[in-house]
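1. Generate coordinates for the sequence data below:
(one chain, ligands or ions: 2)
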Amino acid sequence: MEARTCLAIVLAAGEGRRMRSALPKVLHSIAGRSLLAHVLGAVADAGVTASAVIVGPGEKAVAAEAERILPSAECFVQRERKGTAHAVLCAKAALARGADDILVVYGDTPFVRPATLARLRRSLAAGAAVAVLGFRPSDPAGYGRLIFSGDELVAIREEADASASERAIGLCNGGIMALAGASALAILERIGNHNRKSEFYLTDAVEIARCMKLGAVAVEVEEDEVRGINTKSELAQAEAVAQERLRKAALDAGVTLVAPATVFLSADTKFGKDVVVEPYVVFGENVTVEDGAVIHAFSHLVGAHVGKGASVGPFARLRRGTRLGDGARVGNFVEVKEAVIEAGAKANHLSYIGDAVVGANANVGAGTITCNFDGAAKHRTTIGKDAFIGSNSALVAPVDIGASAYVGSGSVITTDVPAGALALGRGRQVVKEGWASRLRGLKSLGKKKAHSRD
Ligand code: UD1
Ligand code: CA
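-> Residues are numbered from 1 along each chain as shown. Ligands and ions are numbered 1, 2, ... in the order given. Have a look, this model is predicted:
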């Protein structure tokens, strides 16, 4: 089986009008990852040797997402939406190059498992020319029905073309199909559009294969796996299914989720051992949390790495490019972006740390802000190890605070501070003895005057 080559063709040219969105359907996301990325991930894991993505005219963003996820994928534009077989034939150049197995998958069916794609391929290896994925939906309306003669799959009938007795069949077409490379083009090119919708139906491949004395088989899976996304409601249902699975996998791997239903994960979230996640935490794409770290309630993490034993939140926001070293602490109302907070360093309250390095065991006081943006460009701040930044300081980047340096509270730091130095970047405090008492005295004098007029 390993030796067989495989071309996967991903159909993603649908308009997705029912999503009522300017965003192409396959770019909507589930568990922090686009529908297309889920499908391409499954395809890649099924050991394909080449892949093609069929996109609608002008859908540059879809092609860009395919390129980002699977750079080897080739994109083909389907100029007019004339049906699933027509869409597959848009990749004729790739088909003509030849492959032992051809897999056709839908860009809007994100839960298909690599193991299922492998099962379809095994059917081809065993001699079938066409292998289709069957399932028994709770409501079969709208699906093509699998028609058997005895044990033999003889046709797929689209609902619009089905007779009443065919409509009564519960086993439906999940859409995903595998075709033997040797006969795929010959079959696809014989598909016509003489049906209710005047579309070129990929499903006709079954009947045509039989006419050519080739075998067709069905492989049955659970409904969840072929769940297609057409509406925002279906997207939300699929998100719920994905979140349930991800939470279960995290719990099974030993992560403590205090209130699982309130924690949102991404498909690529990674946890070490003995991690604790408190209620109401959101993990966006690309987050890794190492052993023994605690993510306190109401925190939001995207593109962040949390080191061993580190503590985040409550109410912390870690944005892309955040790296917390072992035992680092980021507390309430602290935002971190493109910044490394080295081992044992702390920013416990009310800070923005962006485009910065905070050295090991440094202490960033409450209210400290790295002023990284001058309105035109971003600049970097470095804070040396063991440095102490007093509360409510503004570090105007580019600026470098040396190791073990001390910045007085309320400073506006605009030039570098050498290691071990004290910097006080604020106006000197003025004290005027008796000033306030005199002010009050004058006011009470004023009142007396007013009274004396009566
Ligand atoms: C299709 C199957 C049906 C099956 C169902 C499962 C056909 C003829 N019918 O029906 O048997 O039960 O899926 O969900 O194949 N697409 C293109 N270009 C086109 C047409 C479609 O790229 O010209 C893409 C769509 O974006 C979608 C996929 O192909 O991802 C399926 O097309 P869709 O129109 O949703 O097919 P169904 O009518 O649902
Ligand atoms: Ca569909």
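2. CA atoms for contacts and neighbours, from now on please.
-> Noted.
3. next one: stretch 204-223 to chain centre, how far?
-> With Cα atoms, centre = their mean, to the nearest Å as the basis, stretch 204-223 stands 35 Å off its chain's centre.
4. Next one: that stretch, is it in contact with ligand 1?
-> No - counting by Cα under 6 Å from any ligand atom, ligand 1 has no neighbours in stretch 204-223; the shortest distance is 7.7 Å.
5. What average pLDDT does that stretch get?
-> The average of the pLDDT scores along stretch 204-223 is 97.
6. residue ranges of the helices in the stretch 51-200 of the chain, please?
-> Listed in chain order, the helices of the stretch 51-200 of the chain (DSSP state H, counting those that start in this stretch) span 60-69, 84-89, 92-96, 114-125, 164-167, 181-189.
7. Export the ones you listed as JSON lines, with columns for mean pLDDT and distance to Asp139.
-> Shown next, in JSON lines, are these (pLDDT from 0 to 100; distance: least, Cα to Cα, whole Å):
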{"stretch": "helix 60-69", "mean pLDDT": "96", "distance to Asp139": "31"}
{"stretch": "helix 84-89", "mean pLDDT": "98", "distance to Asp139": "22"}
{"stretch": "helix 92-96", "mean pLDDT": "97", "distance to Asp139": "35"}
{"stretch": "helix 114-125", "mean pLDDT": "97", "distance to Asp139": "22"}
{"stretch": "helix 164-167", "mean pLDDT": "96", "distance to Asp139": "11"}
{"stretch": "helix 181-189", "mean pLDDT": "97", "distance to Asp139": "29"}
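8. Select the longest helix from this structure.
-> helix 232-252 (DSSP state H).
9. what mean pLDDT does the following helix or strand past it have?
-> Sequence-wise, the next helix or strand downstream of helix 232-252 (DSSP states H and E) is strand 256-257. For strand 256-257, mean pLDDT rounds to 98.
10. Over to stretch 384-395?
-> On average, the pLDDT along stretch 384-395 is 98.
11. same check, this time on stretch 441-454
-> Stretch 441-454 comes out at a mean pLDDT of 57.
12. How many residues are close by the closest residue to Phe111 other than its chain neighbours?
-> Nearest residue to Phe111 in three dimensions, chain neighbours excluded: Glu225, at 4.9 Å (Cα to Cα, 6 or more residues apart in numbering). Around Glu225 there are 15 other residues, counting by other Cα atoms under 10 Å.
13. which residues touch the closest residue to Glu338 other than its chain neighbours?
-> Nearest in space to Glu338, with sequence neighbours left out and distances taken as Cα to Cα, 6+ apart, is Gly321 at 3.9 Å. Shown in contact with Gly321 (Cα atoms under 8 Å, 6 or more residues apart in numbering): 303-305, 337-340.
14. what's the answer for Val132, then?
-> Listed by Cα under 8 Å, 6+ apart, the contact set of Val132 reads 120, 173-178, 216-219.
15. just the strands in the stretch 351-454 of the chain please.
-> Secondary structure of the stretch 351-454 of the chain, counting by DSSP state E, counting those that start in this stretch: strands at 363-364, 369-371, 381-383, 388-389, 394-396, 399-401, 406-407, 412-413, 422-423.
16. For ligand 1, what's the nearest residue on the stretch 251-400 of the chain?
-> Closest to ligand 1 within the stretch 251-400 of the chain is Ala267: 21.2 Å, counting by Cα to the nearest ligand atom.
17. want to throw the strands of the stretch 351-454 of the chain into CSV with mean neighbour count and distance to Phe298?
-> CSV is the format used below for these (neighbours: other Cα atoms under 10 Å; distance: least, Cα to Cα, whole Å):
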stretch, mean neighbour count, distance to Phe298
strand 363-364, 25, 22
strand 369-371, 23, 21
strand 381-383, 24, 27
strand 388-389, 26, 26
strand 394-396, 24, 26
strand 399-401, 24, 31
strand 406-407, 24, 31
strand 412-413, 22, 31
strand 422-423, 18, 35
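18. okay if I get the ones you listed as JSON lines plus distance to His349?
-> Output for the strands of the stretch 351-454 of the chain, formatted as JSON lines (distance: least, Cα to Cα, whole Å):
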{"stretch": "strand 363-364", "distance to His349": "9"}
{"stretch": "strand 369-371", "distance to His349": "11"}
{"stretch": "strand 381-383", "distance to His349": "17"}
{"stretch": "strand 388-389", "distance to His349": "12"}
{"stretch": "strand 394-396", "distance to His349": "14"}
{"stretch": "strand 399-401", "distance to His349": "20"}
{"stretch": "strand 406-407", "distance to His349": "17"}
{"stretch": "strand 412-413", "distance to His349": "18"}
{"stretch": "strand 422-423", "distance to His349": "21"}
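19. okay, these in a markdown table with distance to ligand 1 next?
-> Shown next, in a markdown table, are the strands of the stretch 351-454 of the chain (distance: least, Cα to the nearest ligand atom, whole Å):
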| stretch | distance to ligand 1 |
| --- | --- |
| strand 363-364 | 51 |
| strand 369-371 | 46 |
| strand 381-383 | 47 |
| strand 388-389 | 55 |
| strand 394-396 | 50 |
| strand 399-401 | 52 |
| strand 406-407 | 59 |
| strand 412-413 | 56 |
| strand 422-423 | 62 |
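20. residue contacts, Asn348?
-> Taking Cα under 8 Å, 6+ apart, we find Asn348 in contact with 329-332, 334, 364-366.
21. and which of these is nearest Leu89?
-> Within the set of these, Val334 lies nearest Leu89; the separation is 52.8 Å, counting by Cα to Cα.
22. so that closest one makes contact with His349?
-> Yes - counting by Cα atoms under 8 Å, His349 is a contact partner of Val334 at 6.0 Å.
23. Have a look at these two and say which one is more surrounded.
-> Between Val334 and His349, counted using other Cα under 10 Å, the more crowded position is Val334 (25 against 22).
24. quick one, phi psi at that one?
-> With angles defined as degrees, to the nearest 10, Val334 shows backbone torsions of phi -110, psi 130.
25. likewise Asp204?
-> Dihedral angles for Asp204 - degrees, to the nearest 10 - are phi -70, psi -10.
26. How many residues are close by it?
-> Asp204: 21 surrounding residues under other Cα under 10 Å.
27. Then Ala3?
-> Using other Cα under 10 Å, Ala3 has 6 neighbouring residues.
28. Can you point out the helix or strand that includes it?
-> Under DSSP H and E, no helix or strand contains Ala3.
29. tell me the contacts of it?
-> Counted by Cα under 8 Å, 6+ apart, Ala3 has zero contacts.
30. Quick check: it vs Gly127, distance?
-> Counting by Cα to Cα, to the nearest Å, the separation of Ala3 from Gly127 is 16 Å.
31. can you check Gly14 too?
-> Gly14 sits at a distance of 32 Å from Gly127 (criterion: Cα to Cα).
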